[in-house]
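Trainee: would you be able to build a 3D model of this:
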Amino acid sequence: MEKMTRNGLVAVVHSCRYGVDWYSGDARVLFDPEIVYMVEENRPAEELKVYCERMGYNVHVPVQWYDSVREFLDIYLIPEGTDFYIDSYDGCETIKTSVNWIKA
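Mentor: Here you go, the predicted structure:
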């Protein structure tokens, strides 16, 4: 899987708005360099929708709510090789790189 890496950091695309729910289990949408570019350049949401359909990505692109990609997606940079998970609350996603377990 191709990833956008700069100075040892990997770009991870995630939703920054409630109700979007970007990540659906297909890690390609998190790392795709073309999607990273679209977020960085604040491309039109319709352009992202067409691209995702062409690539066969099973994601919801909320073109009915947002005009541009940056309105609902953001990029998080993590060190290459870092384990992480997507924590989603009502569709707004946060990247978690560590777990603070609570002992009973």
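Trainee: so which bits of the lengthiest helix in the chain are buried?
Mentor: Counting by DSSP state H, the longest helix found in the chain is helix 45-55. Residues 45, 48-49, 51-52 are the ones in helix 45-55 that count as buried (16 or more other Cβ atoms under 10 Å). (Each C-beta comes from the backbone N, C-alpha and C, glycine too.)
Trainee: which elements pack onto that helix?
Mentor: On a contact count with 3 or more Cβ pairs under 8 Å, 6 or more residues apart in numbering; DSSP states H and E, helix 45-55 meets helix 33-40.
Trainee: tell me which residues of the helix it packs on come out buried.
Mentor: Using 16+ other Cβ under 10 Å as the test for burial, helix 33-40 gives 35-36, 38-39.
Trainee: ditto for stretch 3-23
Mentor: By 16+ other Cβ under 10 Å, the buried positions in stretch 3-23 come out as 4, 10-17, 20-23.
Trainee: again with stretch 94-104
Mentor: For stretch 94-104, burial by neighbour count (16+ other Cβ under 10 Å) applies to Ile95.
Trainee: what of stretch 72-92?
Mentor: Across stretch 72-92, burial judged by 16+ other Cβ under 10 Å covers 72-74, 76, 86, 88, 91-92.
Trainee: dump the buried residues of helix 45-55 to CSV, plus pLDDT and distance to Leu30.
Mentor: Output for the buried residues of helix 45-55, formatted as CSV (pLDDT from 0 to 100; distance: Cβ to Cβ, whole Å):
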residue, pLDDT, distance to Leu30
Ala45, 95, 18
Leu48, 96, 14
Lys49, 95, 17
Tyr51, 97, 15
Cys52, 95, 13
